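1. Build me a structure from this.
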Amino acid sequence: NLLLGCELTASTKSYTFQVDEEDNSDHILALSVVCLTDGAKDECNVVEVVGRNHENQEIAVPVANLKLSCQPLLSLDNFKLQPPVTFRLAAGSGPVHLSGWHRIMHREDTSFEEDDDFSEEDEEDLPPIMPAKK
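-> As a prediction, the model looks like this:
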């Protein structure tokens, strides 16, 4: 795991995390903490995650609304995202610090991928689920 950290401010409102599409690895980005840092004003700071949906349309989802007097820090419990992903300060002037980790899983052999999917024939071989005995 690699540690990730970035800061969003009035002058740097977004940060994009990208990976090399050519490498034969799966990448997971997990966001653990979003917090206001030194110099933040007592205003609402809204952090959005900008990604793409299954139709490749850009979508922005707010993940944190921080305010110095009532919610200066938010734990996101390793909120997993698929890169590329952009973090954007949609409201407020920050500074907001985001931290988490980046995991790279190397795909050694692509032939395994086909075996992981259960085919319909496999499902028929499974025993039926029996009701619990009381």
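
2. So which residue is smack in the middle of the chain?
-> Nearest residue to the geometric centre of the chain (Cα atoms, centre = their mean): residue 81, 2.6 Å.

3. neighbours around the closest residue in space to residue 36 that isn't next to it in sequence, how many?
-> Counting by Cβ to Cβ, 6 or more residues apart in numbering, residue 36 lies nearest to residue 72, which is 4.7 Å off, once chain neighbours are set aside. Heads up, the C-betas are built off the backbone N, CA and C, glycines and all. Residue 72 has 16 neighbouring residues, counting by other Cβ atoms under 10 Å.

4. just checking, residue 72 touches residue 64?
-> No: here residue 72 does not reach residue 64: they are 10.7 Å apart, not a contact under Cβ atoms under 8 Å.

5. tally of neighbours for residue 6?
-> With other Cβ under 10 Å as criterion, residue 6 counts 15.

6. contacting residues for it?
-> Shown in contact with residue 6 (Cβ atoms under 8 Å, 6 or more residues apart in numbering): 15, 17, 87, 97, 98.

7. isn't there a strand covering it?
-> Yes: counting by DSSP: H, G, I helix; E, B strand; the rest coil, residue 6 is found in a strand.

8. could you pull out the helices for the protein?
-> Per DSSP state H, the chain carries helices over the ranges 111-116, 120-125.

9. Nice, that's everything, thank you.
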